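Trainee: Sequence below, structure please.
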Amino acid sequence: MLIGSLLDEINKKIQELMGKYVILDAYYIRLAVYKAMNLQGTRKDSSITFMVDDVFYVLQKCIRRGISSLNTDCICTVINHANNILLTEYTEALKKNLSASNWTAVSQHLLQGELNNVSGRVQSENAQKKYITHLNDVESSTSCIIILHNESSEILQKMYLSDPPKRLKVLSCLEAFLQTAKFFDSLLSETLLKTCSTIFYKLVDNMLQGLLDLRYVISDEELLMTEVNDPFMHAFCDGLKQVMQPFKKYMTDTNYAKLCRILMPYIARSYEKVVMQMKFNYNGALRLDKDVQYLLSFLTNLTGISVRNKFYRVLQITCLLTFEKAEEAKEFLLIESDTERWPFTNKEAREILTLRTDYSEEIEQLL
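Mentor: Next comes the predicted model:
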């Protein structure tokens, strides 16, 4: 009886101590994280700011300190505090940094040709690097959250190996980190999409409009000339390379791949839209096919990923237009239009074939 009362008293004191501990620890976490979030600059040879490494170092130490208490409620409370900070103060810091870099405004001036002096170009490059670094912070934060979850999960599973109910409780709390990681990943995707729509989409549209000034109803001699020199396609690729170069240089590989996966489908759709406003003869169609192959090779080298699947519709358009005779196009359509991957309706296929001026009169009869 005496021992039972003594144990109850000890448990009561432990609970009181743990209650005070989690209050003090919550205060310490916020104080340490706030200090870390106010650090400026990047580490040498690093693509992220000091803030990311330092914030997650603090969170890792706090969670491990909570685990060392061996108190399930205390561990869950510390985990919840850490996750709540990531979703509130830390998220706001990431968003604030992205807004404060103001890269989009500078880049709009750059695309409009308003930064022709050296100081203007330096200003733009510095702003680009700062903005890209903060994008890297978001991506790196997602990775750090997953690492924090996995490390803590491994420790807790071993710790509660013989106590399934408590193990389930702490691991359930820990799952919130994975939801936060998904939230950060969504934030990154939204920001990259906004970057593309603000800068890259306008750039692509403006440059592709130059295609409408070119003739694709050309002679044999003119076709040979384009084999030697194709100023438009070279200029288009050079312009795209120039605006992508800072991203390729300063972005993490993961972020750059995500950016390219957003941008490539848009380039393909825009290119198709312009092509559908043009006219071709057989030689012009051969020139278009050469242009498309050059563009695909360039984009593959620029992005490091295969882009042919993004340009599948464009490739099929060039295929339809490069048949020498309309009858050949009809035979091709009879075979391909029944396949699941064929991207065009009969109406769309007819519209594509009518772009060929040298056999457009036959199309209505054939189709």
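Trainee: nearest residue to the residue nearest the centre of the chain other than its sequence neighbours?
Mentor: With distances taken as Cα atoms, centre = their mean, K258 lies nearest the centre of the chain, 2.8 Å away. In this structure, K258 finds its nearest non-sequential neighbour in L192, 5.7 Å apart by Cβ to Cβ, 6 or more residues apart in numbering. In this view, the C-beta of every residue, glycine as well, is placed from N, C-alpha and C.
Trainee: I'd like the distance from the host helix or strand of the one you found to the chain centre, please.
Mentor: Take DSSP states H and E as the rule and L192 turns out to sit in helix 164-195. With Cα atoms, centre = their mean, to the nearest Å as the basis, helix 164-195 stands 18 Å off its chain's centre.
Trainee: same question, stretch 219-229
Mentor: The answer for stretch 219-229 is 39 Å, by Cα atoms, centre = their mean.
Trainee: how about that stretch as CSV, C-alpha atoms only?
Mentor: The C-alpha coordinates for stretch 219-229 follow below in CSV (Å, rounded to 0.1, in the frame of the first residue of the first chain):
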residue,chain,number,x,y,z
SER,A,219,11.7,26.4,-103.5
ASP,A,220,14.4,23.8,-103.6
GLU,A,221,17.0,26.5,-103.4
GLU,A,222,15.5,28.1,-100.4
LEU,A,223,15.3,24.8,-98.7
LEU,A,224,19.0,24.3,-99.3
MET,A,225,19.7,27.7,-97.8
THR,A,226,17.9,26.8,-94.6
GLU,A,227,20.2,23.7,-94.3
VAL,A,228,23.1,26.1,-94.1
ASN,A,229,21.5,28.8,-91.9
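Trainee: And the residue nearest to K258, how far from I146?
Mentor: As defined by Cβ to Cβ, to the nearest Å, L192 lies at a distance of 19 Å from I146.
Trainee: Of the two, give the one with the bigger neighbour count.
Mentor: L192 (22 against 16; other Cβ atoms under 10 Å).
Trainee: Tell me if I'm right that the more buried one and Y256 touch.
Mentor: No - using Cβ atoms under 8 Å, L192 makes no contact with Y256, being 10.0 Å away.
Trainee: All the helices of the stretch 251-367 of the chain, residue numbers only.
Mentor: Under the criterion DSSP state H, counting those that start in this stretch, the stretch 251-367 of the chain contains helices at 253-275, 282-303, 312-321, 326-336, 346-353, 360-366.
Trainee: Out of the ones you listed, flag the one nearest D163.
Mentor: helix 253-275 (37.8 Å; Cβ to Cβ).
Trainee: To what extent is A257 buried, counted in neighbours?
Mentor: Neighbours around A257, by other Cβ under 10 Å: 13.
Trainee: In contact with it, which residues?
Mentor: T303, G304, I305 (Cβ atoms under 8 Å, 6 or more residues apart in numbering).
Trainee: Of the residues you listed, which is the most crowded?
Mentor: Of the contacts of A257, with other Cβ under 10 Å as the count, T303 tops at 19 neighbours.
Trainee: Contact partners for that residue?
Mentor: Y256, A257, C260, M264.
Trainee: longest single helix anywhere in this structure?
Mentor: Criterion DSSP state H: the longest helix present in the chain is helix 118-159.
Trainee: Relative to the whole chain's centre, how far out is it?
Mentor: 13 Å.
Trainee: picking up where we left off before, any chance of TSV for the contacts of A257, columns distance to N229 and pLDDT?
Mentor: Listed next are the contacts of A257 as TSV, based on distance: Cβ to Cβ, whole Å; pLDDT from 0 to 100:
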residue	distance to N229	pLDDT
T303	25	91
G304	28	88
I305	29	87
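Trainee: possible to save those as a markdown table with distance to K273?
Mentor: Output for the contacts of A257, formatted as a markdown table (distance: Cβ to Cβ, whole Å):
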| residue | distance to K273 |
| --- | --- |
| T303 | 21 |
| G304 | 26 |
| I305 | 23 |
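Trainee: any low-confidence regions in the stretch 251-367 of the chain?
Mentor: Flagging of the stretch 251-367 of the chain using pLDDT under 70 yields the residue ranges 360-367.
Trainee: what number of residues lie near the residue lying closest to K169 once chain neighbours are set aside?
Mentor: Closest residue in space to K169, ignoring its immediate chain neighbours: T72 at 6.1 Å, by Cβ to Cβ, 6+ apart. The number of residues packed near T72 is 18, by other Cβ under 10 Å.
Trainee: Isn't T72 up against K166?
Mentor: Yes - here T72 reaches K166: they are 4.9 Å apart, a contact under Cβ under 8 Å.
Trainee: shared neighbours of those two, which are they?
Mentor: What both T72 and K166 touch, as defined by Cβ under 8 Å, 6+ apart, is an empty set.
Trainee: picking that back up, distance of the residue nearest to K169 from G66?
Mentor: Taking Cβ to Cβ, one finds T72 at 10 Å from G66.
Trainee: How about V292?
Mentor: 58 Å.
Trainee: With A93 instead?
Mentor: Taking Cβ to Cβ, one finds A93 at 23 Å from G66.
Trainee: which of the two has more neighbours?
Mentor: The neighbour comparison of A93 against G66 (other Cβ under 10 Å) goes to G66, with 25 against 19.
Trainee: which ones are touching the more buried one?
Mentor: Counted by Cβ under 8 Å, 6+ apart, G66 has contacts V22, D25, C74, I75, T77, V78, I79.
Trainee: Before I go, just wanted to say thanks for your time.
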